[in-house]
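[1] Got a predicted structure here, sequence first:
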Amino acid sequence: MDETDRWRHMASAPKDGSRILVTIRPSEQGPAEVDLAYWSNGDQFGGEGWRASDSSPGHIIEYAEPELKCWMPMPSANLNRFSMPSPWEGTDGQQFDGSGI
């Protein structure tokens, strides 16, 4: 497995606006899934925090820290991979606890 193809602690996620893959925790709204997100320092459309990359002015999709389980850098182009990686299915532990509690 390539070093970039592994899930990491949310505490180590880059907050420079670069796009990353995140695992969204399962909830009443559905099972765990993977999304493309970035850190926003806040602007006239929303506050500081994690946003889905398909957000647009007037339609901001924000994630609260506890909603995000872990992150992974964007994989390099690979013609043999046609889909997103699977969400992290492991048990919650300190290593992937993004809540900081």
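    That came through fine. Numbers count the residues shown, from 1 in each chain.

[2] wait, doesn't Glu67 sit right on Thr23?
    No: the pair Glu67 and Thr23 fails to qualify as a contact (Cβ atoms under 8 Å) at a distance of 9.8 Å. The way it works is simple: take the backbone N, C-alpha and C, and place the C-beta from them, glycine included.

[3] Low-confidence stretches in the protein?
    1-4, 77-84, 93-101 (pLDDT under 70).

[4] give the contact list for the residue nearest to the spatial centre of it.
    Of all residues in the chain, the one closest to the mean position by Cα atoms, centre = their mean is Val22, 2.0 Å from it. The neighbours of Val22, taking Cβ atoms under 8 Å, 6 or more residues apart in numbering as the test, are 10, 13, 34-37, 50, 63, 68-72.

[5] what about the longest strand in this structure?
    Using DSSP state E to define each element, the chain has its longest strand at strand 33-40.

[6] Find the nearest non-adjacent residue to Gly58, please.
    Phe45 (7.1 Å; Cβ to Cβ, 6 or more residues apart in numbering).

[7] Report how many residues lie close to the one you found.
    13 (other Cβ atoms under 10 Å).

[8] What of Gly47?
    Residues near Gly47, counting by other Cβ under 10 Å: 11.

[9] Quick check: the residue lying closest to it once chain neighbours are set aside vs Ser56, distance?
    Nearest residue to Gly47, sequence neighbours excluded (Cβ to Cβ, 6+ apart): Glu62, at 7.6 Å. Noted for Glu62: a distance of 13 Å to Ser56, by Cβ to Cβ, to the nearest Å.

[10] And for Phe45?
    In terms of Cβ to Cβ, Phe45 sits 9 Å off from Ser56.

[11] again with Leu21
    With Cβ to Cβ as the criterion, Leu21 and Ser56 are 20 Å apart.

[12] hang on, the earlier thing: of the contacts of Val22, select the buried ones using a PyMOL command.
    Filtering the contacts of Val22 down to the buried ones (16 or more other Cβ atoms under 10 Å) takes a single PyMOL command:
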select buried, resi 10+13+34+35+37+50+63+68+69+70+71+72
